[in-house]
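Student: Let me see the structure of the following:
(2 chains)
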Amino acid sequence: MSPFLNKIMHNRVVITGLGIWSCLGTSLDEVTKSLHEGKSGIGMDLERKAWGYRSGLTGVVKKPELKGILDRRARIGLSEEAEYAYMATLEAMKNAKMDMSWVEKNEVGILYGNDSSAKAVSEAIDTIRLKKDTTLLGSGSIFQSMNCTVTMNLSTIFKLKGINFTISAACASGSHSLGLAYLMIKWGLQKHIICGGAQEVNPFAFGSFDGLSAFSIRENEPTKASRPFDKDRDGLIPSGGAATLILESYESAMERGAPILAEVVGYGFSSNGEHISNSNVDGQVRSLNMALNDAGLTAKDIDYINAHATSTPGGDLAEATAINEVFAESKPLVSSTKSMTGHECWMAGASEIVYSMLMMQNNFVAPNINFENPDEASAKLNIAKTTTEKNIDVFLSNSFGFGGTNSSLIIKKIK
Amino acid sequence: MTQAEIIERINAFLVDEFEVDAEKINPDANLRETLGLDSLDYVDLVVIIESNFGFKVVAEDFINIHTFQNFYDYVGRKVAEKATV
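Tutor: Prediction:
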């Protein structure tokens, strides 16, 4: 650790609110039930097939109805993913007992993961081409089109006065948003930060990804298509929505009388320094070890690992190898909730913390559905094939993204 | 399109899109104050006029539009000009 960091504050960082809007449900209760039942949120989008997609498989996410909840000015700047993020944040702030009058008088920040707003951008360009007139895009287009659409809009709607920016780190965006929020609070730079991840779900967003043949084509069995770690996996299924977590210093949470749900104790990160899309065991192992070191824990202290595993042949193989390298002796329970949700991409690193928090609060490990036969690497892991009733004191969640960006977070129950 | 139809259509989109209380709309009321328009809202007004009446408002035209009646008259003139052309 640098001499600088030794001199500054080391606050404890706790989670006081959760909110979720996903293909598993649009409230914490609904999602908890889906996780416990091992219910898949995957279906087919026939529009994608009409567009020439190789795979029409997708997470099926409900669209929120915001008219009557938000005024016109607030609504028209919201992209699809920002609408999801608004709903998740509303739930998280309510659960954290953060009302608007308190927020307006305090310095609350926002760090949120998002890495595209393809639908808004594409529709705007279509309008310009058709009308030959940029004014006819209307005033909301710019606020929907920028990558920071979530933080830009939510900071305005919720009147936030603290740190305010978006983290774009491919499929690790949501996880890094929590990691950065954790560091800022730990070091005393902020007391309360809204963080999370959002992902649009539409044909504009995933065409280039589909073009890489990265998606499963098991279209005759949508709910069986996402099968992380299974030897017959044939690709991921794009999905999305939004997940929000409220992070704050322990002292702040105590002062406010907020519900303290768990403590963020470790953040590890690394870059592979290699291929743009292929996974790398060394990079993942460094991220895992850094998180353990930061938490002051050893491998045997981890009760559950929520794996990044997306159901791609190469990615899952690398992660199973990395997990086995670090956890070979203790063999904690492992599951990839992407078996139910599909790959929530920019949102996944945040949503998977929410899913794992719900498991921790309700004493179970959600199943890695469709895990029927292991491959050589996954056979060495302790994968939860079915829902397992279990006390979780400490869990770890992995997120890895294109460009070789890796993030691992460790969360501990408050006792 | 008659002037009455134009007024009816304008009032409908102001209530629906701009969420103004229908009771607050009257010919002599100030358009900007009643709708609470800021500079961004004027851009949306341009879009909605184009989609409803098929012509593009230029920003300078708004200078002389103060009341709802001014607005109805302006749109009526433009629709008539378009029909003539």
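Student: okay, now the residue lying closest to residue A:413 once chain neighbours are set aside: neighbour count?
Tutor: Using Cβ to Cβ, 6 or more residues apart in numbering or on different chains and skipping the chain neighbours, the partner closest in space to residue A:413 is residue A:393 (4.9 Å). (Glycine included, C-beta is placed from N, CA and C.) Neighbourhood size, residue A:393 [other Cβ atoms under 10 Å in any protein chain shown]: 14.
Student: pretty sure residue A:393 contacts residue A:300?
Tutor: No: with contacts defined as Cβ atoms under 8 Å, residue A:393 does not count as touching residue A:300, sitting 11.7 Å away.
Student: Residue of the stretch 301-415 of chain A nearest chain B, please.
Tutor: Closest residue of the stretch 301-415 of chain A to chain B, Cβ to the nearest Cβ: residue A:346 (27.0 Å).
Student: so what's that residue up against?
Tutor: Going by Cβ atoms under 8 Å, 6 or more residues apart in numbering or on different chains, residue A:346 touches A:81, A:113-116, A:168, A:170-171, A:173-174, A:197-199, A:240.
Student: Same check on residue B:75?
Tutor: Neighbouring residues of residue B:75 by Cβ under 8 Å, 6+ apart: B:6, B:10, B:49, B:53.
Student: and what of residue A:160?
Tutor: A:103, A:108-110, A:154, A:194.
Student: Next step: these restricted to helices.
Tutor: Residues of the contacts of residue A:160 located in helices (DSSP state H): A:103, A:154.
Student: which one of the contacts of residue A:160 sits closest to chain B?
Tutor: Of these, the one sitting nearest to chain B (Cβ to the nearest Cβ) turns out to be residue A:154, at 17.9 Å.
Student: okay, now the closest one: neighbour count?
Tutor: Residue A:154 has 25 nearby residues by other Cβ under 10 Å.
Student: Retrieve the pLDDT associated with it.
Tutor: If you check residue A:154, the pLDDT there is 98.
Student: Let me know whether it touches residue A:86 as I believe.
Tutor: Yes: contact criterion Cβ under 8 Å: residue A:154 and residue A:86 qualify, at 6.4 Å.
Student: any shared contact partners between these two?
Tutor: Counting by Cβ under 8 Å, 6+ apart, nothing touches both residue A:154 and residue A:86.
Student: OK, contacts around the residue of the stretch 201-350 of chain A found nearest chain B?
Tutor: Taking Cβ to the nearest Cβ, chain B has its nearest neighbour within the stretch 201-350 of chain A at residue A:204, 20.8 Å off. In this structure, residue A:204 makes contact with A:118-119, A:121-123, judged by Cβ under 8 Å, 6+ apart.
Student: out of the residues you listed, which are inside helices?
Tutor: Using DSSP H, the contacts of residue A:204 in helices are A:118-119, A:121-123.
Student: how about the residues of chain B near chain A?
Tutor: B:17-19, B:40-41, B:43-44, B:46-47, B:50, B:56 (Cβ under 8 Å from any Cβ of the partner chain).
Student: Of the residues you listed, which is the nearest to residue A:26?
Tutor: When the residues of chain B next to chain A are compared for distance to residue A:26 (Cβ to Cβ), residue B:19 wins out at 24.6 Å.
Student: What helix or strand is the residue in chain B positioned nearest to chain A located in?
Tutor: Closest residue of chain B to chain A, Cβ to the nearest Cβ: residue B:40 (3.9 Å). Using DSSP states H and E, residue B:40 maps to helix B:39-53.
Student: Name the residues of that helix that are buried.
Tutor: For helix B:39-53, the neighbour count (16 or more other Cβ atoms under 10 Å in any protein chain shown) marks B:40-50, B:52-53 as buried.
Student: which ones are touching the residue sitting furthest away from the middle of chain A?
Tutor: Checked against the mean C-alpha position of chain A, the extreme residue using Cα atoms, centre = their mean is residue A:132, at a distance of 38.3 Å. By Cβ under 8 Å, 6+ apart, no residues touch residue A:132.
Student: any idea how far whatever residue of chain A ends up closest to chain B lies from residue B:41?
Tutor: For chain A, the residue closest to chain B is residue A:139, as judged by Cβ to the nearest Cβ, at 3.9 Å. Counting by Cβ to Cβ, to the nearest Å, the gap from residue A:139 to residue B:41 is 7 Å.
Student: Helices along chain B, start to end?
Tutor: Under DSSP H, chain B gives helices at B:3-16, B:31-35, B:39-53, B:68-84.
Student: Residue A:196 contacts residue A:173, doesn't it?
Tutor: No: under the criterion of Cβ under 8 Å, residue A:196 is not in contact with residue A:173, lying 9.7 Å apart.
Student: Spit out the residues that contact these two alike.
Tutor: By Cβ under 8 Å, 6+ apart, residue A:196 and residue A:173 have these common neighbours: A:113, A:347.
Student: out of these two, which sits in the busier spot?
Tutor: In this view residue A:196 and residue A:173 are compared by other Cβ under 10 Å, and residue A:196 has more residues nearby, 37 against 31.
Student: and residue B:60, how many neighbours does it have?
Tutor: Neighbour tally, residue B:60, other Cβ under 10 Å: 7.
Student: For chain B, which residue occupies the most central location?
Tutor: Geometric middle of chain B (Cα atoms, centre = their mean) lands on residue B:71, at 4.9 Å.
Student: Report the contact partners of the closest residue to residue B:65 other than its chain neighbours.
Tutor: Leaving aside its chain neighbours, residue B:65 sits nearest to residue B:71 (5.2 Å; criterion: Cβ to Cβ, 6+ apart). Going by Cβ under 8 Å, 6+ apart, residue B:71 touches B:10, B:31, B:65.
Student: before we move on, what about residue A:321?
Tutor: Taking Cβ under 8 Å, 6+ apart as the test, what residue A:321 contacts is A:281, A:377.
Student: Show me which residues of the host helix or strand of it are buried.
Tutor: Using DSSP H and E, residue A:321 maps to helix A:313-327. For helix A:313-327, the neighbour count (16+ other Cβ under 10 Å) marks A:315-327 as buried.
Student: now do stretch A:132-151
Tutor: A:135-141, A:143-151.
Student: now swap in stretch A:267-280 and tell me
Tutor: By 16+ other Cβ under 10 Å, the buried positions in stretch A:267-280 come out as A:267-270, A:272, A:279-280.
Student: One more: stretch B:23-32?
Tutor: B:25, B:31.
Student: quick check: mean pLDDT across it?
Tutor: The pLDDT scores in stretch B:23-32 average 96.
Student: mind exporting that stretch as CSV, just the C-alpha atoms?
Tutor: Provided in CSV are the C-alpha atoms of stretch B:23-32 (Å, rounded to 0.1, in the frame of the first residue of the first chain):
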residue,chain,number,x,y,z
GLU,B,23,-58.4,24.0,-17.1
LYS,B,24,-55.4,26.3,-17.3
ILE,B,25,-55.5,26.6,-21.0
ASN,B,26,-57.4,29.7,-22.2
PRO,B,27,-56.7,32.0,-25.2
ASP,B,28,-55.5,34.9,-23.2
ALA,B,29,-53.1,33.0,-20.8
ASN,B,30,-49.4,33.3,-21.3
LEU,B,31,-48.1,30.2,-23.1
ARG,B,32,-44.6,30.1,-21.6
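Student: Please name every helix or strand in contact with the helix or strand encompassing residue A:130.
Tutor: Assessed by DSSP H and E, residue A:130 sits inside helix A:118-131. Contacts defined by 3 or more Cβ pairs under 8 Å, 6 or more residues apart in numbering or on different chains; DSSP states H and E place helix A:118-131 against helix A:141-145, helix A:203-210.
Student: Now find how far off-centre it is within its chain.
Tutor: Relative to its chain's centre, helix A:118-131 lies at 28 Å (Cα atoms, centre = their mean, to the nearest Å).
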